[in-house]
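Participant: build the 3D model from these lines:
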Amino acid sequence: MKGLIVYGTRYGTSAECARRLGERLSGSADLADVRTAATIERRELVVIGGPIYGGKLLPAVSRYCDAHREALLSTTVGLFICCLYSGEAAEAELTSAFPPWLFAHARSRKVFGGSVHLKELRLIDRYLVRKVARVEGDIAAIDDSAIAAMAAELDSIG
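Facilitator: Presented below is the predicted three-dimensional model:
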């Protein structure tokens, strides 16, 4: 399956998750930052993902989805988010992150966990992570099992 994994990232976690997913897919998949993403045409698979900040997907990822609506609706799509929540809270974030038309069309939807390295964050982001998410130290919680599950789901389609 010829694929494209498009991701938005602020500090690199979503890029790392996209790389790990690309390594697990059986077919070839190009990786592209949403700001420089390649064309979707002639792709059998497009996976889109990014981090959640303040309950929202990065605006560049949302704009990308809207700009490529027609092409996305004519191919196999996977969606992922990176966030620090788990369980029902994470699923709620995933459900609300993407436009309803895209969420309904997607063949696989996963929460890939997240990571935080406080010293790398901009001051405002560090403040928000500490106050809103109540994070006091670094977190490394990328969910490799969710990445493997998405790869398996998408490979079974192709």
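
Participant: D30 contacts V6, correct?
Facilitator: No. If you go by CB atoms under 8 Å, D30 and V6 don't touch, sitting 9.1 Å apart. For every residue, glycine as well, the C-beta is placed using N, CA and C.

Participant: looking at those two, which has the bigger crowd around it?
Facilitator: Each of D30 and V6 has its neighbours counted (other CB atoms under 10 Å); V6 has more, 25 against 13.

Participant: list the contacts of the strand or helix carrying the more buried one.
Facilitator: Assessed by DSSP states H and E, V6 sits inside strand 3-7. The contact list for strand 3-7 (CB atoms under 8 Å, 6 or more residues apart in numbering) reads 14-15, 17-18, 21-22, 25, 27-34, 37-38, 40, 43-50, 61, 64, 154.

Participant: can you list the strands that that strand pairs with?
Facilitator: Paired strands of strand 3-7, with direction, are strand 29-33 (parallel), strand 45-53 (parallel) (DSSP bridges).

Participant: contacting residues around L25?
Facilitator: Counted by CB under 8 Å, 6+ apart, L25 has contacts M1, G3, L45, A151, L154, D155.

Participant: quick one: the helix or strand where the last one lies to strand 45-53, angle?
Facilitator: Remark: D155 resides in helix 144-157, with elements defined by DSSP H and E. Here helix 144-157 runs at an angle of 160 degrees relative to strand 45-53 (axes from the mean of the first three to the mean of the last three CA atoms, to 10 degrees).
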